[in-house]
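> For reference, the sequence and a predicted model appear below.
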Amino acid sequence: MDDIDPVIAPVLGQRAASRLSALERRWELLQWAGLAVLVTVMVVSIVYGWTALSRQHAQITAQAAVISRQAAELARDERRIAAVCATWHTIGSVPAGRGGGSVLDVTVIIEARQAFRGLGCPGHLPPPSRRLLHRAARYRLPVP
């Protein structure tokens with residue numbers, strides 16, 4: 001009861017002053033408790049934020065690795081398609097021979113031309129020769 005304000009004690013009485021002093025102590029304790037809760041919430045928020053950022057960084061790193069592997073696969077596939085396109089261009093540009101020419105010869109040339117167009121290869125094939133058109137009609141093959 002030493003912390004009772006000597007000015008208030010005679011006005012309120014000893015008992016009321018004692019209650020007021022207890023309320024002041026509770027208020028001070030409540031302020032400290034509020035500060036402790038605030039600091040705890042801030043620390044938990046900072047730790048959670050740091051953890052979330054670390055997880056996101058790990059995910060970004062993993063995605064970057066996946067993207068680089070996909071880019072390498074895509075480049076390899078583009079090189080393969082370019083090689084296939086060159087092959088189809090070479091076969092599709094072969095003129096039909098002077099002889100009778102078999103169905104297989106004409107079919108291979110026509111399908112090479114269709115594959116070249118179907119793959120979307122860069123460049124252009126020369127127009128089909130008259131012989132190739134004539135033989136395609138004779139064997140009832142689609143016009144190249």
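Received the coordinates, thanks. Numbering: from 1, shown residues only.
> So the residue nearest the centre of the chain versus residue 118, what's the distance?
The residue lying closest to the centre of the chain (CA atoms, centre = their mean) is residue 63, at 6.7 Å. In this view, residue 63 and residue 118 are 33 Å apart by CB to CB, to the nearest Å. For every residue, glycine as well, the C-beta is placed using N, CA and C.
> Likewise for residue 111?
From residue 111 over to residue 118 (counting by CB to CB), the distance is 10 Å.
> try residue 133
From residue 133 to residue 118 the distance is 20 Å (CB to CB).
> So between these two, which is more surrounded?
residue 133 (15 against 10; other CB atoms under 10 Å).
> I'd like to know how many residues surround the closest residue to that one other than its chain neighbours.
If you skip the residues right next to it in sequence, residue 133 has residue 143 as its closest partner in space, 6.7 Å away by CB to CB, 6 or more residues apart in numbering. Using other CB under 10 Å, residue 143 has 9 neighbouring residues.
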